[in-house]
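K.L.:
Prediction below, plus the sequence it came from.
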Amino acid sequence: MAAHLKQPAGGVEAPAAAEEPRVLEPGAARFGNFPQYSRFHPPEQRLRLLPPELLRQLFPPESPGARPILGLDVGCNSGELSVALYSHFLSLRDGEACSDAAAGELRLLCCDIDPVLVERAEKTCPFPDALSFVTLDFMDQRTRKALLSAFLAQYGRSVFDIGFCMSVTMWIHLHHGDQGLWEFLAHFSSLCRYLLVEPQPWKCYRAAARRLRKLGLHDFDHFHSLAIRGDMADQIVQILTQDHGMELVCCFGNTSWDRSLLLFKAKTDHRDSADP
């Protein structure tokens with residue numbers, strides 16, 4: 001999944017669409033923007049851990065304002081997992097069309113820093129009325145606020161029902177440091193009533209740094225100075241629960257590549273007035 005990197009003057013900018021060959025070497029995708037991500041981390045590995053009825057349990061149809069369910073997918077890459085999650089939670093079989101009634105149940109805003117991947121997601125998405133793909137640097141507060149507020153305003157809402165953060169936290173952490181990770185989780189949790197988070201374990205940090213060294217590329221700016229390290233799933237649980245007003249609802253287990261799927265819930269309902 002691609003990270004969402006702040007773009008100060010003279011800093012790192014999102015890669016341009018014309019630069020697609022830059023990511024042919026896996027180690028060169030230093031923002032997590034792997035061009036064939038779903039081939040080595042297939043969506044099915046996550047779906048087998050998630051109950052298809054999860055969203056209907058969290059947001060019963062009879063509850064006020066339950067439809068449509070609004071989801072935010074941060075770091076969507078080229079959209080394969082976004083589409084798979086949508087189909088899974090609506091119990092659609094492969095290739096099955098979505099009825100108008102079912103389509104009205106869930107709307108996903110899917111964002112990624114890489115315009116090449118976003119363009120690919122838009123072209124291949126089988127549910128264009130229900131999934132919106134946008135290029136967004138999530139750590140750019142002004143851009144984030146304008147884009148997310150505009151999306152939510154279409155539904156008369158101020159927060160998303162659920163946010164998905166699947167293998168993104170490491171890239172934020174490597175490029176923005178400990179404070180950047182803390183701020184990312186603060187922003188993300190303030191925007192959503194529930195969060196589904198898949199943190200990368202620390203061994204993935206070492207592997208990412210090793211890939212860069214193997215290719216002779218510049219190391220991640222913050223890798224050697226990170227104080228938040230070790231059991232990253234536990235670290236993220238602590239930040240979200242102790243600092244950002246979330247509670248851990250459950251862990252759905254681990255994927256075959258040893259990443260936990262963690263579901264969090266906002267402790268209070270004051271998030272209905274949150275500001276993107």
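P.N.:
Sure, I can see it. Numbers count the residues shown, from 1 in each chain.

K.L.:
Contacts made by the helix or strand containing residue 72 with the rest, please.
P.N.:
Counting by DSSP states H and E, the element that carries residue 72 is strand 69-74. Applying CB atoms under 8 Å, 6 or more residues apart in numbering, the contact partners of strand 69-74 are 4, 55, 59, 81-82, 85, 105-111, 138, 148, 152, 155, 157, 160-166, 168, 188, 191-192. No exception for glycine: its C-beta is placed from N, CA and C like everyone else's.

K.L.:
Please, where are all the strands along the chain?
P.N.:
Here the chain has its strands, by DSSP state E, at 69-74, 106-112, 131-135, 160-166, 192-198, 246-254, 260-266.

K.L.:
Nearest to residue 144, out of those?
P.N.:
Comparison of the strands of the chain against residue 144 by CB to CB identifies strand 106-112 as nearest, at 8.8 Å.

K.L.:
picking up where we left off before, mind putting the strands of the chain in TSV, mean neighbour count included?
P.N.:
Formatted as TSV, these follow (neighbours: other CB atoms under 10 Å):
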stretch	mean neighbour count
strand 69-74	26
strand 106-112	26
strand 131-135	20
strand 160-166	25
strand 192-198	24
strand 246-254	15
strand 260-266	21
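
K.L.:
now the helices: where do they sit in the stretch 51-200 of the chain?
P.N.:
Counting by DSSP state H, counting those that start in this stretch, one finds helices in the stretch 51-200 of the chain at the ranges 54-58, 80-89, 100-103, 115-124, 141-153, 169-190.

K.L.:
quick one: average confidence on the strand holding residue 72?
P.N.:
Averaging the model's pLDDT scores along strand 69-74 yields 97.

K.L.:
strands paired with it, and their directions?
P.N.:
Partners of strand 69-74 in the sheet, by DSSP bridges, are strand 106-112 (parallel), strand 160-166 (parallel).

K.L.:
For residue 30, which of the ones you listed is the nearest?
P.N.:
Nearest to residue 30, of the strands paired with strand 69-74 and by CB to CB, is strand 106-112 at 14.7 Å.

K.L.:
remind me which residues of the stretch 101-250 of the chain are low pLDDT?
P.N.:
Scanning the stretch 101-250 of the chain with the threshold set as pLDDT under 70 gives 101-104.

K.L.:
Surely residue 176 and residue 182 touch.
P.N.:
No - in this structure, residue 176 is not within contact of residue 182 by CB atoms under 8 Å, at 9.3 Å.

K.L.:
higher neighbour count, these two?
P.N.:
Between residue 176 and residue 182, counted using other CB atoms under 10 Å, the more crowded position is residue 176 (20 against 17).

K.L.:
separation between that one and residue 244?
P.N.:
For residue 176, the distance to residue 244 equals 16 Å [CB to CB, to the nearest Å].

K.L.:
would CSV of the strands of the chain with distance to residue 124 be doable?
P.N.:
Below are the strands of the chain laid out as CSV (distance: least, CB to CB, whole Å):
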stretch, distance to residue 124
strand 69-74, 15
strand 106-112, 12
strand 131-135, 10
strand 160-166, 18
strand 192-198, 22
strand 246-254, 27
strand 260-266, 24
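
K.L.:
nearest to residue 212, of these?
P.N.:
Of all these, it is strand 106-112 that lies closest to residue 212, at 20.7 Å by CB to CB.

K.L.:
The closest one to helix 80-89, inter-axis angle?
P.N.:
Taking axes from the mean of the first three to the mean of the last three CA atoms, to 10 degrees, strand 106-112 and helix 80-89 form an angle of 170 degrees between their directions.

K.L.:
how distant is strand 106-112 from the center of its chain?
P.N.:
Centre-to-centre, strand 106-112 and its host chain are 9 Å apart (CA atoms, centre = their mean, to the nearest Å).

K.L.:
now stretch 117-128
P.N.:
Chain-centre distance of stretch 117-128: 16 Å, with CA atoms, centre = their mean.

K.L.:
buried sites along it?
P.N.:
Going by neighbour count (16 or more other CB atoms under 10 Å), the buried part of stretch 117-128 is 117, 118, 120, 121, 122, 125, 127.

K.L.:
Residue 232: which of those residues is nearest?
P.N.:
For the buried residues of stretch 117-128, the nearest to residue 232 is residue 117 (24.0 Å; CB to CB).

K.L.:
Any figure for the gap between the closest one and residue 111?
P.N.:
Applying CB to CB, the value for residue 117 to residue 111 is 11 Å.
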